[in-house]
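S.K.: Fold the stuff below for me.
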Amino acid sequence: MTTPLLFALALSACAEAPRPQPGPLDGVRWVTYYGNPLSKRMGILGEIEPKAMMDRLEQQAVEWRVADPSVRTQPALELVATVASNTPGQGGFYRTRMPDALIQKVVDWARGRGWPVILDIQIGHSTVRAEVERLRPFLEQPDIHLALDPEFDMPKGRVPGTRIGTSDAEDVNVAIIMLAQMVEEKKLPPKLLLVHRFTEEMLMRYQLVRLDPRVQVSIIMDGFGSPALKRKIYRVIVKREPVQFGGFKLFYKNDKPLMKPSEVLEMDPVPSVIIYQ
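M.R.: Prediction:
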């Protein structure tokens, strides 16, 4: 989980570069659906057939647009492209990489509506660098972005799902460096990086995350429960430990009750990314 010297030097150089274009969250709120088409348990993206799912997201985005017309609302799909596993699998990495054909299918769904896609990584015993590199052909496209899920970042000897995982600021920095380099090399608009989190331990040394003008980072409050509990967690892991932009996940099945857009918009800071699972 340490960053090689080469990566540290690259990060320093990236931090000095001017942003080539407005970032994806500048004056925009993303409203996204999360999951995987192969699973009805991972989120709304895989629970219903694609057209109905995307029609529902369109309507959900309208509700946010009405609740806060001061910012543009951007629907998007977040696909879990690397899925943590409770079995070692090939190489012993406790993760399953989705085939390119499946990723492309979801990208095509989104592009049919003019939406971007976020590729989510549950690294298991792999590394951020290895999993981002594997997704490079997709991430080098202008409308495809990245998410990290530290819940499934496990030390050797621990099986994903048996405890909550932990990532370090250096893991986030590796992703930022790699995305920034793609933006530079391929002349892309700035990228979005989401980091899911619902405990303090899920992102250690948050203050050492080094931002780059070519990558905007949103910490996503990923816990479910009552509105009071969700607000409390948000205050701890987003307001008290800010990185850049706030984000908030809503669970159709597990939140009791499901918070309305007007309620979420009362939080400080106001979330720039909304994810429905």
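
S.K.: Point out where the protein drops to low pLDDT.
M.R.: Across the chain, the ranges flagged by pLDDT under 70 are 1-20.

S.K.: Try it again at 50.
M.R.: Low-confidence segments of the chain, defined by pLDDT under 50, span residues 1-17, 19.

S.K.: what about the longest strand in it?
M.R.: strand 72-84 (DSSP state E).

S.K.: any residues touching the next helix or strand after that strand, and which ones?
M.R.: Where DSSP states H and E defines the elements, the next helix or strand beyond strand 72-84 is strand 95-97. With contact meaning C-beta atoms under 8 Å, 6 or more residues apart in numbering, strand 95-97 is reached by 81-85, 89, 122-126, 131, 134, 152, 160. Just so you know, the C-beta spots here come from the backbone N, C-alpha and C atoms, and that holds for glycine as well.

S.K.: which residues are in contact with whichever helix or strand comes after strand 95-97?
M.R.: Next in sequence after strand 95-97, counting helices and strands by DSSP H and E, comes helix 100-112. With C-beta under 8 Å, 6+ apart as the test, helix 100-112 has contacts from 37-38, 45, 50, 54, 76-77, 79, 81, 116-117, 119, 135, 137-138, 141, 143-144.

S.K.: With only the CA atoms kept, save helix 100-112 in PDB.
M.R.: Provided in PDB are the C-alpha atoms of helix 100-112 (Å, rounded to 0.1, in the frame of the first residue of the first chain):
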ATOM      1  CA  ASP A 100     -14.600  -6.300 -21.200                       C
ATOM      2  CA  ALA A 101     -17.800  -7.200 -23.000                       C
ATOM      3  CA  LEU A 102     -19.900  -6.700 -19.800                       C
ATOM      4  CA  ILE A 103     -18.200  -3.400 -19.100                       C
ATOM      5  CA  GLN A 104     -18.700  -2.200 -22.700                       C
ATOM      6  CA  LYS A 105     -22.400  -3.300 -22.500                       C
ATOM      7  CA  VAL A 106     -23.000  -1.000 -19.500                       C
ATOM      8  CA  VAL A 107     -21.000   1.800 -21.200                       C
ATOM      9  CA  ASP A 108     -23.200   1.400 -24.200                       C
ATOM     10  CA  TRP A 109     -26.300   1.600 -22.100                       C
ATOM     11  CA  ALA A 110     -25.100   4.900 -20.600                       C
ATOM     12  CA  ARG A 111     -24.000   6.400 -23.800                       C
ATOM     13  CA  GLY A 112     -27.400   5.700 -25.300                       C
END
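
S.K.: Buried ones in it, by neighbour count?
M.R.: Neighbour-count burial for helix 100-112, counted by 16 or more other C-beta atoms under 10 Å, picks out 103, 106-107, 109-111.

S.K.: And those residues, which is closest to residue 168?
M.R.: Closest approach between the buried residues of helix 100-112 and residue 168, by C-beta to C-beta: residue 103, at 26.8 Å.

S.K.: Who are the contact partners of the closest residue in space to residue 67 that isn't next to it in sequence?
M.R.: Nearest residue to residue 67, sequence neighbours excluded (C-beta to C-beta, 6 or more residues apart in numbering): residue 261, at 3.8 Å. By C-beta under 8 Å, 6+ apart, the contact list for residue 261 reads 63-64, 66-68, 274.

S.K.: Save those residues as TSV, and put in distance to residue 169 too.
M.R.: Output for those, formatted as TSV (distance: C-beta to C-beta, whole Å):
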residue	distance to residue 169
63	35
64	30
66	37
67	33
68	31
274	25
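
S.K.: neighbours around the nearest residue to residue 153 once chain neighbours are set aside, how many?
M.R.: Once flanking residues are discounted, residue 153 sits nearest to residue 165: 4.1 Å by C-beta to C-beta, 6+ apart. Using other C-beta atoms under 10 Å, residue 165 has 22 other residues around it.

S.K.: wait, doesn't residue 121 sit right on residue 151?
M.R.: No - with contact defined as C-beta atoms under 8 Å, residue 121 does not reach residue 151; the gap is 11.3 Å.

S.K.: the more surrounded of the two?
M.R.: residue 121 (27 against 21).

S.K.: For residue 128, see how far away the more buried one is.
M.R.: Look at residue 121 and residue 128: by C-beta to C-beta, to the nearest Å, they are 7 Å apart.

S.K.: again, but for residue 71
M.R.: 30 Å.
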